[in-house]
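Undergrad: predicted model, plus sequence, below.
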Amino acid sequence: MSSRILAFFLLASSLVFGADSKPPNVLFIAVDDLANTLGCYGDVLAKTPHIDRLAASGVRFDRAYNQIPLCNPTRASIMTGLRPDTIKVYDLDRHFREEVPEVVTLSQHFMQSGYYAGRVGKIYHYNVPASIGTDGFDDAPSWQETINPKGRDKTDEAKIFNAEPHRKISAALSWLAADGADEEQTDGMIATEAIATMEAQQGKPFFLAAGFFRPHTPYVAPKKYFDLYPLESIRLPYAPSDDRQDIPTAAFAHNCPVPNYGLDEQTLRKAIQAYYACVSFIDAQVGRMLEALDRLDLADNTIVVFWSDHGYHLGEHNGVWQKRTLFEESARSPLIIRVPKAKGNGQPSRQVVEFLDVYPTLVELADLKKPAHLEGRSLAPLLEDPLKAWQGEAITQILRPADTRLNEPVMGCSIRTDRWRFTEWAEGRQGTELYDHHTDPKEFHNLSIKPDTSALAVIQNLRKRLRAKASGQVPTTPFNPSRL
């Protein structure tokens, strides 16, 4: 870092962190396929003391929504600050630089501003578990250094139980209560390498991204975390028996045509147990990194961002699993931001925010120049006052291939406001949904079926606002449905 840039950082960061402050570090923690299954989000089953502690010392965003509930496009959107319709990334095969080759990513912007930018584990897309230990679908301009650990979860893959042997373990309900210590697993190694990187970068501003692979399938964690969740304590989620009758066919992912994959209740409970075991395993690794921040005297000058790429289903709506829906469980994701000395720390925010907002937020907090291309808005005002009036709305979308259920490729687009969720499939040709979250937070009653005058007015208003931000058009470039 040049002396001129460093002097600028010292002046700018003093406005946020105090007169004697250095440029703030960023610890950017990503978790794969994590729903709001955390104690701090009100989950009564989850045992997540370390993430809960982070939430208690920062701002927990209770209504944060991803742009696409699928790994590659949502991660590309977060890192570029651009909507899927801008970067034209809707599936697992397309890299965002094919459409926007010169875009400056979040970590790249910090790096160009004098920061060290490093990645440990999964930030951009990886095929899990096949690509563990490689660069995956990474973006080389985003980093100065990349570290790709590979643990015994790779060498022990033959031991994994697959409840759906006709599917690969990457897409099936599959799990392993593993032998050995946390540090032998890939995610344990990621925490170890992230801590070592923080130790090596002391005294220099850093943007360190630590990306964990679990709880993505296969659900692999040391056996002690499975023991935290006795099977008798686990129940399948409730839904009315007729819940699916008013939901469009396109609303259900093509890989889940049969409720609960046709599996018996005991197997499903074991799958939930394994998922929560992975959540607690990741919580322990987050705890190790937070402890390192304290031990290295970095906590008072480090912004911590904790996020998951999208939500996750564990049997809701009579047997929906995994991701790729526009229901609340899939579109909503954990987001926690801790800024040292921020006035809002320790308070939750109920405002509707988007993951697009992460990029401009961190740029403002570090007092860097804001790139002109960003499509989100900074959450800095909510970090100071989580109750601040916001009037937020979030757009989430998903692409359906033309499978045997649908006569065309279908784009689903959904808008979430403080009260409503409105969803269109193929701009309404394949169905619509309207849910009132004031009276129906689980989205059981689709008000767009035989809507009354009031519901019609809401639909007309939300349709206009939705289409202003999401095209609803399928991509003109080829895509590979077999990879979705």
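TA: Arrived safely.
Undergrad: give me the neighbour count for F161.
TA: By the other CB atoms under 10 Å criterion, the neighbourhood of F161 contains 18 residues. For the C-beta atoms, the positions are set from N, CA and C on the backbone; glycine is no exception.
Undergrad: measure the residue most central in space within the chain to I169 for me?
TA: Nearest to the mean C-alpha position of the chain, by CA atoms, centre = their mean, lies D309 at 2.0 Å. The spacing between D309 and I169, counted by CB to CB, to the nearest Å, is 19 Å.
Undergrad: before we move on, the earlier item: and the residue nearest to the centre of the chain, what does it touch?
TA: For D309, the contacting residues are A30, V31, D32, D33, N66, C71, T74, R75, I78, S333, by CB atoms under 8 Å, 6 or more residues apart in numbering.
Undergrad: okay, the first one: pLDDT?
TA: Put plainly, it is A30. The pLDDT attached to A30 in the predicted structure is 98.
Undergrad: that's a strand at it, yeah?
TA: Yes - for A30, which was evaluated using DSSP: H, G, I helix; E, B strand; the rest coil, the result is membership in a strand.
Undergrad: that one bridge partners, please.
TA: Using DSSP bridges, the bridge partners assigned to A30 are G211, W307.
Undergrad: surely it touches V120?
TA: No - A30 is not in contact with V120 according to CB atoms under 8 Å; the separation is 10.3 Å.
Undergrad: quick one: common contacting residues for those two?
TA: Taking CB under 8 Å, 6+ apart as the contact criterion, the residues that touch both A30 and V120 are A209, A210, G211.
Undergrad: quick one: which of those residues is most hemmed in?
TA: Neighbour counts for the shared contacts of A30 and V120 were taken using other CB under 10 Å; the highest belongs to A210, with 27 neighbours.
Undergrad: where do the helices sit along the chain?
TA: Using DSSP state H, the helices of the chain run over 3-17, 49-56, 71-80, 84-87, 106-112, 152-155, 186-200, 223-226, 265-295, 316-319, 328-331, 358-365, 380-384, 453-469.
Undergrad: please convert these to JSON lines, extending it with mean pLDDT and distance to L434.
TA: As requested, these are arranged in JSON lines below (pLDDT from 0 to 100; distance: least, CB to CB, whole Å):
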{"stretch": "helix 3-17", "mean pLDDT": "44", "distance to L434": "41"}
{"stretch": "helix 49-56", "mean pLDDT": "98", "distance to L434": "31"}
{"stretch": "helix 71-80", "mean pLDDT": "98", "distance to L434": "24"}
{"stretch": "helix 84-87", "mean pLDDT": "97", "distance to L434": "22"}
{"stretch": "helix 106-112", "mean pLDDT": "98", "distance to L434": "34"}
{"stretch": "helix 152-155", "mean pLDDT": "96", "distance to L434": "42"}
{"stretch": "helix 186-200", "mean pLDDT": "98", "distance to L434": "39"}
{"stretch": "helix 223-226", "mean pLDDT": "98", "distance to L434": "39"}
{"stretch": "helix 265-295", "mean pLDDT": "98", "distance to L434": "30"}
{"stretch": "helix 316-319", "mean pLDDT": "96", "distance to L434": "16"}
{"stretch": "helix 328-331", "mean pLDDT": "98", "distance to L434": "13"}
{"stretch": "helix 358-365", "mean pLDDT": "98", "distance to L434": "28"}
{"stretch": "helix 380-384", "mean pLDDT": "98", "distance to L434": "27"}
{"stretch": "helix 453-469", "mean pLDDT": "96", "distance to L434": "6"}
